[in-house]
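*Asks:* coordinates only, sequence not included:
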């Protein structure tokens, strides 16, 4: 089943509301429901979890489908953005995909080691540079001696991620991807910033060859990287 045909669920945990949406392809909203409640911790709130269960069961009944995974959106207070760059001398003056992969892993390791209480959920290569000349994506790159990458990492608190997974596991639901309000507000030409589920849907369905979402290693036999070059399939 292609991503355009499968049903994708988004849940936003905000300061004053929980919002759940179901999409089947980009801009094809099937159902959206909001639960308004101002509490200190809506993720742990029994009423919000009951709301999610009720809406999912209602949708499953109407659509004759079964929701196994959801995508979670968290507020910006629970995430951080880190920008890093790295420069490497190439061995054969020829840039291979493996050079990019290995360089990203080097940066990823450094970021993770310096943020032990956070997990990396999103990576985007903002710029490729070879011998001082900038390129927007890998396919544009010309051969050279010095490779430089400018990379944006988004990290989310491990404690929060663990809490979300624990609550959703009670409903026998797993987390597919984690988004933050910060990254959604940075989507170019995003004219619907107030509807964060819609913004997450756009990011989910749109293909950006420079972006990487972190996924569980055992999910559908995928490795750490889901999009960039289809690493480690």
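*Replies:* In hand now; what should we look at? All values derive from a computational prediction rather than experimental measurement.

*Asks:* all helices of the protein, in order?
*Replies:* 46-63, 97-113, 158-169, 181-184, 196-205 (DSSP state H).

*Asks:* now those in a markdown table, with mean pLDDT, mean neighbour count and distance to residue 37?
*Replies:* C-betas here are computed from N, CA, C, even on glycine. Formatted as a markdown table, the helices of the chain follow (pLDDT from 0 to 100; neighbours: other CB atoms under 10 Å; distance: least, CB to CB, whole Å):
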| stretch | mean pLDDT | mean neighbour count | distance to residue 37 |
| --- | --- | --- | --- |
| helix 46-63 | 91 | 15 | 6 |
| helix 97-113 | 87 | 15 | 34 |
| helix 158-169 | 90 | 15 | 15 |
| helix 181-184 | 78 | 20 | 18 |
| helix 196-205 | 84 | 21 | 17 |
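
*Asks:* Which of these sits closest to residue 148?
*Replies:* Closest of these to residue 148 is helix 97-113, at 9.3 Å (criterion: CB to CB).

*Asks:* The closest one - contacts with which helices or strands?
*Replies:* strand 79-89, strand 118-130, strand 146-157 (3 or more CB pairs under 8 Å, 6 or more residues apart in numbering; DSSP states H and E).

*Asks:* a markdown table please, covering the ones you listed and showing distance to residue 52.
*Replies:* Converted to a markdown table, the helices and strands packed on helix 97-113 look like this (distance: least, CB to CB, whole Å):
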| stretch | distance to residue 52 |
| --- | --- |
| strand 79-89 | 21 |
| strand 118-130 | 20 |
| strand 146-157 | 19 |
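
*Asks:* So which of the ones you listed is nearest residue 204?
*Replies:* Across these, closest to residue 204 is strand 118-130 (CB to CB), at 11.8 Å.

*Asks:* now residue 164: how far from residue 74?
*Replies:* Distance, residue 164 to residue 74, by CB to CB, to the nearest Å: 8 Å.

*Asks:* Report the set of residues contacting both of these two.
*Replies:* residue 13 (CB atoms under 8 Å, 6 or more residues apart in numbering).

*Asks:* looking at the protein, which residue ends up farthest from its center?
*Replies:* residue 92 (34.1 Å; CA atoms, centre = their mean).

*Asks:* Can you read off the pLDDT for that one?
*Replies:* According to the prediction, residue 92 has pLDDT 75.

*Asks:* So what does it have for phi and psi?
*Replies:* phi -110, psi 20 (degrees, to the nearest 10).

*Asks:* Show me the beta-bridge partners of the closest residue to residue 148 other than its chain neighbours.
*Replies:* Closest residue in space to residue 148, ignoring its immediate chain neighbours: residue 129 at 4.0 Å, by CB to CB, 6 or more residues apart in numbering. Beta-bridge partners recorded for residue 129 (DSSP bridges): residue 134, residue 148.

*Asks:* Next, count neighbours for residue 129.
*Replies:* 17 (other CB atoms under 10 Å).

*Asks:* any idea how far residue 103 is from it?
*Replies:* Distance from residue 129 to residue 103, by CB to CB: 12 Å.

*Asks:* Please identify every residue contacting each of these two.
*Replies:* Common neighbours of residue 129 and residue 103 (CB under 8 Å, 6+ apart) are 147, 149.

*Asks:* returning to what we had before: how about the contacts made by the residue nearest to residue 148?
*Replies:* 135, 147-150.
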